[in-house]
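Novice: Sharing a model that was predicted from the sequence below.
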Amino acid sequence: MGMQPLLYSDLVSWYDLLDPAADHREEAECFQRAFERVVTPAARTLLELGSGAGHNALHLKRRFRCALSDISEPMLTLSRTLNPECEHVLADLRTLRLGRCFDAVLLHDAVTYMTSEADLLAAARSAFVHTRPGGAAIVTPDCVRETFHDQTELLAETQGTRALRGLMWSWDPNPNDDTYAVEFGLLVRNGDEVKAFHETHVQGLFSRDTWFRTFSSVGYQVESMPRPIGEGEFDEVLLCRRP
């Protein structure tokens, strides 16, 4: 994936303000219910590919024994602080091979950084080889080609003397390729010192059929599942069962 974004390296100390762990509770509960519904025998273990700061695991570890992998050591350091009882593995999700299977696999925001169909297929293979027969994976694309539109989200969080204000703007510079851009413009304040940052994240943009076809091609039985995204709204994610 090349050089890691500032948000996952130099600015990692601000990540809790950018993406508070509490914001993951509702969707984590949704994932837990789905795994409990489809995995037989009952799921006990979970692998998250691209686990970031461990904000999903904070909620899921109450139900599953979690192993967490990520390509960013600073993000894993955050997660180890938050989830000391979980196993942590530094690895690229496209090539990770732990040599064992799990009842459940979660491929969350990290899948959006797959910017080619080859990358997406590699991620699907990694998920599949770590899913035991009778288990399942949940894959969460943030958007698909058919429904993508420019979108702006305001960011605001304060913790004591530290504060973050910013804007996240998703747009598509080239509708003819398989990527879109997410622009982060951030102001961070520590006491009375304020700094400004901007960076562009390039993320994958594939058709709905490509998502379903890719994860079906590795051996999963794929179906659609609604995910809560706040304020009573839902988007569509993939529930992938391994026969």
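Specialist: Received the coordinates, thanks.

Novice: residues touching whatever residue is furthest in space from the centre of the chain, list them.
Specialist: If you look at how far each residue of the chain sits from its centre, by Cα atoms, centre = their mean, the farthest one is residue 192, at 33.0 Å. Applying Cβ atoms under 8 Å, 6 or more residues apart in numbering, we find residue 192 in contact with no residue. From N, CA and C alone the C-beta is placed, and that goes for glycine too.

Novice: Tell me the buried residues in the helix or strand where residue 30 lies?
Specialist: Using DSSP states H and E, residue 30 maps to helix 25-38. For helix 25-38, the neighbour count (16 or more other Cβ atoms under 10 Å) marks 27-28, 30-32, 34-35, 38 as buried.

Novice: Can you mark which positions in stretch 171-184 are buried?
Specialist: Neighbour-count burial for stretch 171-184 flags 172, 178, 180, 182, 184 (criterion: 16+ other Cβ under 10 Å).

Novice: And the pLDDT at residue 233?
Specialist: If you check residue 233, the pLDDT there is 88.

Novice: Please report how far it lies from residue 15.
Specialist: From residue 233 across to residue 15, the span is 24 Å (Cβ to Cβ, to the nearest Å).

Novice: again with residue 240
Specialist: Counting by Cβ to Cβ - residue 240 and residue 15 are separated by 28 Å.

Novice: quick one: which of the two has more around it?
Specialist: Counted by other Cβ atoms under 10 Å, residue 240 and residue 15 do not tie: residue 240 has more neighbours, with 27 against 19.

Novice: In the host helix or strand of residue 89, which residues are buried?
Specialist: Using DSSP H and E, residue 89 maps to strand 87-90. By 16+ other Cβ under 10 Å, the buried positions in strand 87-90 come out as residue 88.
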